[in-house]
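Engineer: generate coordinates for the sequence data below:
(one chain, ligands or ions: 1)
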Amino acid sequence: MKKLLLVFLLAFTACAPKSSSKLDVTLELTPSTPRIGKTNIVLKLMRDKQILEGWNVSIEGNMTHAGMGTVDGTVTELGAGKYQVKNFDFNMSGDWVLTVTAKKDSETLTNDVKLEVAQ
Ligand SMILES: [Cu+2]
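Structural biologist: Purely as a prediction, here's the structure:
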């Protein structure tokens, strides 16, 4: 009986949702219309209308077609909910998805931002 209960608990743990919820991301790009090349990005991050301060933030860019590597950026915190990514390398034109992830303590928030990069 005890063994059965343990199996049950393990199954429950595996199905529990991850600590993950919606991250609101606002992008400011320089140049403001993204095109191929190095781009400076300022991310404004909020959750439930609260700015995120002191979070560990990462960004990863992927294109929507197959056969391309991901592009990473180095994120530094500016304060007041803003985080900067210098020289993010949009190395091809077309449809991109930027996955922004913010971690603090045991929480992980993430969201995808879609944008089109011109020639
Ligand atoms: Cu591509």
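
Engineer: OK, contacts around residue 70?
Structural biologist: When contacts are counted by CB atoms under 8 Å, 6 or more residues apart in numbering, residue 70 touches 60, 61, 62. From N, CA and C alone the C-beta is placed, and that goes for glycine too.

Engineer: with residue 100 instead?
Structural biologist: Contacts of residue 100 (CB under 8 Å, 6+ apart): 23, 25, 43, 45, 57, 58, 59, 110, 111, 112, 113.

Engineer: between these, which has the most around it?
Structural biologist: Of all the contacts of residue 100, residue 43 has the most neighbours under the rule other CB atoms under 10 Å, reaching 25 neighbours.

Engineer: and it, how close does it get to the ion?
Structural biologist: For residue 43, the distance to the ion (CB to the ion, to the nearest Å) stands at 22 Å.

Engineer: kindly report the same for residue 105.
Structural biologist: 36 Å.

Engineer: and residue 70, by the same measure?
Structural biologist: Distance of residue 70 to the ion, given as CB to the ion: 11 Å.

Engineer: mind checking pLDDT for that residue?
Structural biologist: Per-residue confidence at residue 70 stands at 96 (pLDDT).
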